[in-house]
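**Student:** next come a sequence and a model predicted from it.
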Amino acid sequence: AFHNGRYGTREDVVFLINGIPVLVIECKNASKDEAIALGVDQIRRYHRETPELFVSQQVFTATDAIGFSYGTSWNTVRRNIFNWKDTELGKLEAKVRSFCAIAQVLAFLKDYIVFAEKDEELNKYILRQHQTGAVEATVGRALDPGRRRGLVWHTQGSGKTFTMIKAAEKLFRAPEADKPTVLLMIDRNELEDQMLKNLAALGMGNLEHASSIVRLNQLLRDDYRGIIVTMVHKFRDMPADLNTRTNIYVLIDEAHRTTGGDLGNFLMAGLPNATYIGFTGTPVDRTVYGKGTFRTFGCEDDRGYLHKYSISDSIEDGTTLPLYYQLAPNELLVPHETLDKEFLSLAEAEGVADIEELNKILERAVTLKNFLKGAQRIQQVAQFVASHYRETVEPLGYKAFLVGVDREACAMYKHALDQFLPPDYSEVVYTDNNNDSALLKEFHLESKRERQIRKSFGKLDQQPKILIVTEKLLTGFDAPVLYAMYLDKPMRDHTLLQAIARVNRPYENEAQEMVKPHGFVLDFVGIFDKLSKALAFDSDEVNAIVKDLKLLKELFKSRMKQSAPAYLALIEQNFNDKDVETLIEHFRDADRRKVFFKEFKELEMLYEIISPDAFLRPFIDSYTSLAAMYHVVRKAFAKTVYVDREFQRKTGSLIQEQVGTYGLADPSGRIRIDEDTIELIKSTRGGEGTKVINLIRSIQKTAEEESEDPFLIAMAERALAVQQSFEERQTSTSEALATLLEAVEANELRKKEQAAKGFDGLTYFVYRTLLDKGVGNAESVSGRIKAAFVDLPNWKKSEATLRELRQKVTFAIAAELDDLQQVADVVEELFSLLDKAGRI
């Protein structure tokens, strides 16, 4: 237990190293709804109320005896909390043993907690299992004298940059490596800058940035020992045998596109005895590029790779989200023959791995580009995008990309889009050039302004909401609030996959109760109509990557036909008091409620994604009724509920005028608990079940608002016990109502007696408790106990003061009771309720 003078914290399990707490485990009962989420909420409360604990505690976990989630202190957002997996699936003991093994905990503390800057904000991260596994595999391969190649195949968005950084750091610090040279080869300026910042944050003294070919050659010729960060193209024209040492380790980002042609030849001739580990974020394809990647890096592994983390793995873990696509109306799509002839059937377009290479191919596709940039079509697409964004994406709260075929198309789209949306909704981001036309120069951005736009785009409550791009930001840009991509640029293979991967990043906002369901692509080209040609990967990988939105419509239809009828049969067409009573009686059972809530939330998510769509018309009435039922049941049984926020935006709008209060007390108000309560309850419309729910909630709210009164605390606990018994069907509705009304009546009698005796709340509470327990001279003893509380006002803030107070209370009661066990029981009951007063 820990107390900082204002708040107290009692953590479930704490692990210490040499007396220093480093790891906390919060344990929750598996029978509770979302038990692990409750455990994480508890960890968040510890951060808010007792931050001193997390000066040394670096790792936290939450478990419900089934799942086992973990994260690092000061970063408790959902997307950075991960599920720990063990080979013995489902066995908690195995997970605890592997996670809490001394070597594993030390590895987290020493190697796998990192600090990194993003959008000028410092963040703390803990590496996930697939990342630590890849780091260990990379280091192991590099230190293996018998092998010199390896391929790490981790899907987009799985944290490949951190994996490379930690592998480089571990290699450099490994004694077996004997003062090595570690080359981190990056393919983008932006990523190069970010990697240098992150490496500097690790306190790496031996760090060099080879910003030119000359500088890189000089470092290698001078036999520099340390980490070198450089761009791939800096190896051009490198002399053969520039450095023949064996302890040179080259970690190559985006290996699928950096080893082809002359660059790979220069690199491997210049460092002939180095170890080469390639990292790729896209599936290795069936084209010549993909086969070359396997040959170059995967030749020493039977499976073709050293470590793999597939798209399916990533989706299962929640590291990335599924992607769904939809084709635009036929009149806006590129004609099939044009798309096929000028793009999909071109041999040089197969396996295209670089967006600059893609742009060169598109430059020759004259008919295709002329169609895409036709003035009338630009207007039509812009109008469609504006309408779709306003009706479909914006109500979900997310943001979007509009991808034009080239920079001129982006400029044209900006002018067109401003006719249908406010100008501040969208911004254009592309690379500028001194020779640009007046139209292109209109949207040139200074670097400071571009940084601000990128940062603002990542914030939910800031403009812009749509970025218009063609090349920049289609790789490496990470904005989890990005949900939709309006694709109007022909792409395929790696370039297509890297682009659409911008929208599959998980996002969760607790304040707005938002959980991003998936990423979405609206295809204005027709690429997804020829998916097998557009993505030259194994069919299993393609199926895992992207799915047709029609599948969600089929799923919605299936759920409405299979699950909905049984629920709808519980009510009449229009709600009335009888229907509410029926629902309360039917859903008294917690398991029934849990199933219904789960099924409705899944249905609601599908509705939010699909709406607006004519497909939904036959289901609107039934879906609205289900939403109304959910509203009533949630309002009745949730412990703390703001029901209006329980609905997502489109569903909320759908039922706003349909749902009344149905006789249930407003969660923000309450029935006054006083001498008139019994008559008020009797005269209130609605059945007994509704009255039970209203009365329980009102008692609890009164106790919250008057939390210094220990009698109300005790009354609220009795109401909670009645609710539990009522929900478990151990108590009938009429018995539950009678018990609650008796409690209200007893509370009114005690207020009158308290006033007659002239006691304050604390003195009367002690007096009444002593009287009920058969303690003699109750008035005199309660007076002495009250005096002890007055003398020791800081008993909640100091363990020593609490011990002294308990001692005085014990002596006062023991003077009247001979049974020491009975004395201990009375003291415990007193302090149990008094400790909650003011904190409930």
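**Tutor:** Yep, that arrived.

**Student:** just give me the longest helix of this structure.
**Tutor:** Longest helix of the chain, by residue count under DSSP state H: helix 733-757.

**Student:** what about the residue lying closest to R407 once chain neighbours are set aside, neighbour count?
**Tutor:** Distance criterion CB to CB, 6 or more residues apart in numbering; nearest residue to R407, sequence neighbours excluded, is Y430 at 4.7 Å. From N, CA and C alone the C-beta is placed, and that goes for glycine too. Y430: 24 surrounding residues under other CB atoms under 10 Å.

**Student:** quickly note the distance from Y430 to V366.
**Tutor:** Using CB to CB, to the nearest Å, one obtains 21 Å as the distance from Y430 to V366.

**Student:** T163 now?
**Tutor:** Counting by CB to CB - T163 and V366 are separated by 42 Å.

**Student:** what is the burial count for the closest residue to E49 other than its chain neighbours?
**Tutor:** Take E49 and drop its neighbours on the chain: the residue closest to it by CB to CB, 6+ apart is Y7, 3.7 Å away. Residues contacting Y7 under the criterion other CB under 10 Å number 15.

**Student:** what about the helices in the stretch 651-800 of the chain?
**Tutor:** Counting by DSSP state H, counting those that start in this stretch, one finds helices in the stretch 651-800 of the chain at the ranges 677-683, 688-705, 710-727, 733-757, 761-772, 778-791, 799-814.

**Student:** pick the most buried one from these.
**Tutor:** Comparing these by mean neighbour count (mean count of other CB atoms under 10 Å), helix 688-705 ranks first with a mean of 22.

**Student:** now the helices for the stretch 1-150 of the chain?
**Tutor:** Using DSSP H, counting those that start in this stretch, the helices found in the stretch 1-150 of the chain span residues 35-49, 92-99, 102-111, 129-142.

**Student:** could you export those helices as a markdown table, including mean neighbour count and distance to K751?
**Tutor:** Below are the helices of the stretch 1-150 of the chain laid out as a markdown table (neighbours: other CB atoms under 10 Å; distance: least, CB to CB, whole Å):
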| stretch | mean neighbour count | distance to K751 |
| --- | --- | --- |
| helix 35-49 | 17 | 33 |
| helix 92-99 | 16 | 49 |
| helix 102-111 | 13 | 55 |
| helix 129-142 | 22 | 59 |
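
**Student:** helix or strand next in line after the helix or strand of the chain with the lowest mean pLDDT, which one?
**Tutor:** One helix or strand of the chain scores below all others by mean pLDDT, DSSP states H and E: helix 288-297, with a mean of 57. Per DSSP states H and E, the first helix or strand lying C-terminal to helix 288-297 is strand 307-309.

**Student:** and the contacts of that next one?
**Tutor:** 130, 133-134, 137-138, 150, 152-155, 158 (CB atoms under 8 Å, 6 or more residues apart in numbering).

**Student:** which of those residues lies closest to E510?
**Tutor:** Among these, S158 lies closest to E510 (CB to CB), at 23.6 Å.

**Student:** I'd guessed that closest one sits against T320; true?
**Tutor:** Yes. Between S158 and T320 a contact is recorded at 7.0 Å, counting by CB atoms under 8 Å.

**Student:** list residues touching both of those two?
**Tutor:** S314.

**Student:** in CSV, list the C-alpha atoms belonging to stretch 23-35.
**Tutor:** The C-alpha trace of stretch 23-35 is given here as CSV (Å, rounded to 0.1, in the frame of the first residue of the first chain):
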residue,chain,number,x,y,z
LEU,A,23,6.5,-4.3,-12.3
VAL,A,24,2.8,-4.1,-11.1
ILE,A,25,0.1,-6.7,-11.9
GLU,A,26,-3.6,-5.8,-11.5
CYS,A,27,-5.8,-8.8,-11.2
LYS,A,28,-9.5,-8.8,-12.0
ASN,A,29,-12.3,-11.4,-11.7
ALA,A,30,-12.9,-13.1,-15.1
SER,A,31,-16.7,-13.0,-14.5
LYS,A,32,-16.7,-9.2,-14.7
ASP,A,33,-17.5,-7.6,-18.1
GLU,A,34,-14.3,-6.3,-19.8
ALA,A,35,-12.3,-7.3,-16.7
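
**Student:** list the buried residues of that stretch.
**Tutor:** By neighbour count on 16 or more other CB atoms under 10 Å, the buried set for stretch 23-35 is 23-28, 35.

**Student:** now stretch 220-230
**Tutor:** 220, 224-225, 227-230.

**Student:** next, give me the two most distant ones among the residues you listed.
**Tutor:** Within those, two members stand farthest from each other by CB to CB: R225 and T230, at 15.7 Å.

**Student:** which sections of the stretch 501-650 of the chain are below the confidence cut-off?
**Tutor:** Residue ranges of the stretch 501-650 of the chain with pLDDT under 70: 532, 534, 536-545, 573-577, 638-649.

**Student:** ranges for the strands of it?
**Tutor:** 508-509, 514-515, 519-523, 546-548 (DSSP state E, counting those that start in this stretch).

**Student:** of all those, which one is nearest V827?
**Tutor:** Closest of the strands of the stretch 501-650 of the chain to V827 is strand 508-509, at 45.2 Å (criterion: CB to CB).

**Student:** and the closest one, how far from the chain's centre?
**Tutor:** Distance, stretch centre to chain centre, for strand 508-509: 6 Å (CA atoms, centre = their mean, to the nearest Å).

**Student:** ranges for the helices of the stretch 251-400 of the chain?
**Tutor:** Using DSSP H, counting those that start in this stretch, helices in the stretch 251-400 of the chain cover 261-270, 288-297, 311-317, 336-339, 355-363, 366-372, 375-388.

**Student:** what comes up buried for the fifth one?
**Tutor:** The neighbour-count criterion (16+ other CB under 10 Å) identifies 355, 358-359, 361-362 as the buried residues of helix 355-363.

**Student:** pairing partners for the strand ranked longest in the chain, with directions?
**Tutor:** For the chain, the strand with the greatest residue count under DSSP state E is strand 20-27. Strand pairing for strand 20-27, using DSSP bridges, gives strand 13-17 (antiparallel), strand 59-63 (parallel).

**Student:** put together TSV for the ones you listed, with mean neighbour count on each row.
**Tutor:** Formatted as TSV, the strands paired with strand 20-27 follow (neighbours: other CB atoms under 10 Å):
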stretch	mean neighbour count
strand 13-17	13
strand 59-63	25
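
**Student:** and of the ones you listed, who's closest to K550?
**Tutor:** Comparing those by CB to CB, strand 59-63 comes nearest, at 37.7 Å.

**Student:** can you pull the contacts of S798?
**Tutor:** Here S798 is in contact with H3 (CB under 8 Å, 6+ apart).

**Student:** and it, how close does it get to E49?
**Tutor:** In terms of CB to CB, S798 sits 17 Å off from E49.

**Student:** same check on N434?
**Tutor:** Distance from N434 to E49, by CB to CB: 57 Å.

**Student:** next: K547.
**Tutor:** With distances taken as CB to CB, K547 is found 44 Å from E49.

**Student:** for L368, same thing?
**Tutor:** Applying CB to CB, the value for L368 to E49 is 61 Å.

**Student:** part of a strand, is N435?
**Tutor:** No. With DSSP: H, G, I helix; E, B strand; the rest coil as the criterion, N435 is assigned coil and is not in a strand.

**Student:** thanks a lot, see you next time.
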